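Peer 1: with the sequence up front, the predicted model follows.
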Amino acid sequence: MEKSIEMTPPTFPPQAEVGYTIQVRFRFNITPFVAQQKVNTYLLLNVGQMVSAGEPTLLINQGAYWKVPIFCAFPSMKRREYLGELVMDAESGAIVLNKSSLKSASEIETRVDALYDSLTALSART
């Protein structure tokens, strides 16, 4: 059975009492900042300049990965829309498309086009 843990840095009020223990061993070569930069480079080279990476979260699933949300900006509509995630190996820095919700650059482009069409249709009705 495959188990995974996804973690974001916790935010607690002052003097909150919290306790949890997790022991996982992996080589942490890629920081969240570097993961976001590498995904932005991948997007710029393979998709275009309207898509960008958001803040990564740590995903523990048969190894350590960064799950990086992908957004598309539509400045003329003053919108920034979520598209899905790309997953990056936290040790090697490789983008792992088969673990990602977005499986290819062409799928990202297709989602951007579909989202643009739906937003322009919505704005035309209002």
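Peer 2: Okay, I see it. Numbering: from 1, shown residues only.
Peer 1: ok, now how distant is Gln36 from Gly54?
Peer 2: Using Cβ to Cβ, to the nearest Å, we find Gln36 at a distance of 8 Å from Gly54. (C-beta placed from N, C-alpha, C; glycine too.)
Peer 1: which residues do the two both contact?
Peer 2: Listed as contacting both Gln36 and Gly54 by Cβ atoms under 8 Å, 6 or more residues apart in numbering are Val68.
Peer 1: for the chain, just list every one of the helices.
Peer 2: 32-46, 105-125 (DSSP state H).
Peer 1: how about the ones you listed in JSON lines, adding mean neighbour count, distance to Asn98 and mean pLDDT?
Peer 2: Putting those into JSON lines (neighbours: other Cβ atoms under 10 Å; distance: least, Cβ to Cβ, whole Å; pLDDT from 0 to 100) gives the following:
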{"stretch": "helix 32-46", "mean neighbour count": "17", "distance to Asn98": "15", "mean pLDDT": "95"}
{"stretch": "helix 105-125", "mean neighbour count": "13", "distance to Asn98": "12", "mean pLDDT": "87"}
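Peer 1: kindly reformat these as a markdown table and extend each row with distance to Glu6.
Peer 2: Putting the helices of the chain into a markdown table (distance: least, Cβ to Cβ, whole Å) gives the following:
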| stretch | distance to Glu6 |
| --- | --- |
| helix 32-46 | 13 |
| helix 105-125 | 21 |
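Peer 1: can you say which of those is nearest to Leu83?
Peer 2: Across these, Leu83 has its closest neighbour in helix 105-125 (5.0 Å, Cβ to Cβ).
Peer 1: on contacts alone, who are the packing partners of that closest one?
Peer 2: Packing partners of helix 105-125 (3 or more Cβ pairs under 8 Å, 6 or more residues apart in numbering; DSSP states H and E): helix 32-46, strand 64-74, strand 79-89.
Peer 1: now for those, which one comes closest to Thr120?
Peer 2: Judging the helices and strands packed on helix 105-125 by Cβ to Cβ, what sits closest to Thr120 is strand 64-74, at 9.0 Å.
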